[in-house]
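Colleague: Sequence plus predicted model, see below.
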Amino acid sequence: MLDTLKALADPCRLRLVAVLLAGEFTVQELTLILGMGQSRISRHLRILTEAGVLTVKRQGTWSYYRVGGEDPFFAAIRSAVEQELIRLPERPKDLAAVAAVLDERRRRSQEFFDRHARQWDDLARTLLPVPDYLERLLSLVPEKGAVVEIGLGTGGLLPALAAKAAKVIGVDHSPAMLEEARRRLALAGLAGIDLRLGEMTHLPLPDNGADCAVLNMVLHHAADPAAVLREIRRVLVPGGVLVLADLARHEREWVRDRLADQWLGFSVDELTAWLAAAGFAEVCCERLEGGDGQEAVLVVRAAA
């Protein structure tokens, strides 16, 4: 208890906790958000981590910090602390800086996909091969109803979704990717699929606007995966289904630059925790192991 109280008894560390309640950030990002030197930020992070207020998740050479350590005392007082953090005088400025960092993550991602839309399918398949998982993914998509594919890329999954669903909506944040998807649908003679420009954290759908949401190798490109899952929960009807496929945790650091990956895959535990926090239930996660040179894939089904 004493270590926790000491760790929180500092204005800078309180600001750090408040910022990390809004997402997971690296030391470099936290220096930008708080406008402090790296050594100072690192010292405060070490104190908070040792006290059990924060945890650190290492992905390759990057380390992401987040609130939610193992300390039972902090867990007991966390709700009250969060309410008080709202009163910090620096909070409006810090939240604006958080938004700027997340916007920069999204901007880099959008620029990459706009630039590589034409060759994206071959690029991803060649640089980071995975086992054949699509049949398993599609088997989890319910028949009929309205399905939204989020981060549809060049639209390779849309024909299969159209064969199962009464209505298909595709959302992507890259205009160039949407153009490639429209070209693919035209060549296939498929009409009636609704393609929309939008961000994963601000989907162009109303509350309860879809029966099923599909994320196919998309979440590892998200600036804030937990926020994406919360937004998906918003647009799904009660009892709706999220079907997700993504990379299992790996250590291929180069994918950040060559494939615009923000995360080096995910563990089952962190995906399950994010889904539960977003309000999903009946989470089922299956790991499909890769063959020679392939990365393992997680296929997830969760109920809204």
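Modeller: Here it is on my side, so go on. Numbering: from 1, shown residues only.
Colleague: After the helix or strand of the chain with the lowest mean pLDDT, which helix or strand is next? Please name it.
Modeller: One helix or strand of the chain scores below all others by mean pLDDT, DSSP states H and E: helix 120-127, with a mean of 73. Per DSSP states H and E, the first helix or strand lying C-terminal to helix 120-127 is helix 134-139.
Colleague: residues touching the residue nearest the centre of the chain, list them.
Modeller: Against the mean C-alpha coordinate of the chain, by CA atoms, centre = their mean, the closest residue is residue 225 at 1.7 Å. Residues near residue 225 by CB atoms under 8 Å, 6 or more residues apart in numbering: 219, 263, 266, 274. All C-beta atoms are positioned from the backbone trio N, CA, C, and that covers glycine.
Colleague: can you count the residues close to the second one?
Modeller: Around residue 263 there are 23 other residues, counting by other CB atoms under 10 Å.
Colleague: A helix includes it, no?
Modeller: No: applying DSSP: H, G, I helix; E, B strand; the rest coil, one finds residue 263 to be coil, outside a helix.
Colleague: How about the backbone phi and psi for it?
Modeller: Note on residue 263: backbone dihedrals following degrees, to the nearest 10 are phi -130, psi 140.
Colleague: residues touching it, list them.
Modeller: 59, 219-220, 222, 225 are the contacts of residue 263 under CB under 8 Å, 6+ apart.
Colleague: now the residue nearest to the centre of the chain: how far from residue 80?
Modeller: According to CB to CB, to the nearest Å, residue 225 stands 27 Å off from residue 80.
Colleague: swap in residue 2?
Modeller: 18 Å.
Colleague: now the helices for this structure?
Modeller: All helices of the chain, identified by DSSP state H, fall at 2-8, 11-20, 27-34, 38-50, 72-85, 91-116, 120-127, 134-139, 158-164, 175-188, 225-235, 255-258, 268-278.
Colleague: These: lowest mean pLDDT?
Modeller: Lowest mean pLDDT within the helices of the chain: helix 120-127, at a mean of 73.
Colleague: Can you give the contact residues for that one?
Modeller: In contact with helix 120-127 (CB under 8 Å, 6+ apart) are residues 113, 116, 153-154, 156, 177, 180, 217, 255, 258-259.
Colleague: Separate out the buried members of those.
Modeller: Neighbour counting with 16 or more other CB atoms under 10 Å marks 113, 116, 153-154, 177, 180, 217, 255, 259 as buried within those.
Colleague: quick one: the least confident helix or strand of the chain to helix 175-188, angle?
Modeller: Relative orientation of helix 120-127 and helix 175-188, computed by axes from the mean of the first three to the mean of the last three CA atoms, to 10 degrees: 100 degrees.
Colleague: Identify each buried residue in helix 120-127, please.
Modeller: Buried residues in helix 120-127 (16+ other CB under 10 Å): 120, 124.
Colleague: what's the answer for stretch 56-76, then?
Modeller: Buried-residue list, stretch 56-76, by 16+ other CB under 10 Å: 56, 59, 62-69, 71, 74.
Colleague: Tell me the one among the residues you listed nearest to residue 250.
Modeller: Nearest to residue 250, judged by CB to CB, of those is residue 59 at 9.4 Å.
Colleague: For that closest one, name its beta-bridge partners.
Modeller: Beta-bridge pairing for residue 59 (DSSP bridges): residue 62.
Colleague: still on that earlier bit, which one of the contacts of residue 263 sits closest to residue 198?
Modeller: residue 222 (13.3 Å).
Colleague: any idea how far the residue nearest to residue 156 when sequence neighbours are not counted is from residue 194?
Modeller: Nearest non-adjacent residue to residue 156, counting by CB to CB, 6 or more residues apart in numbering: residue 121, 6.5 Å away. Distance of residue 121 to residue 194, given as CB to CB: 22 Å.
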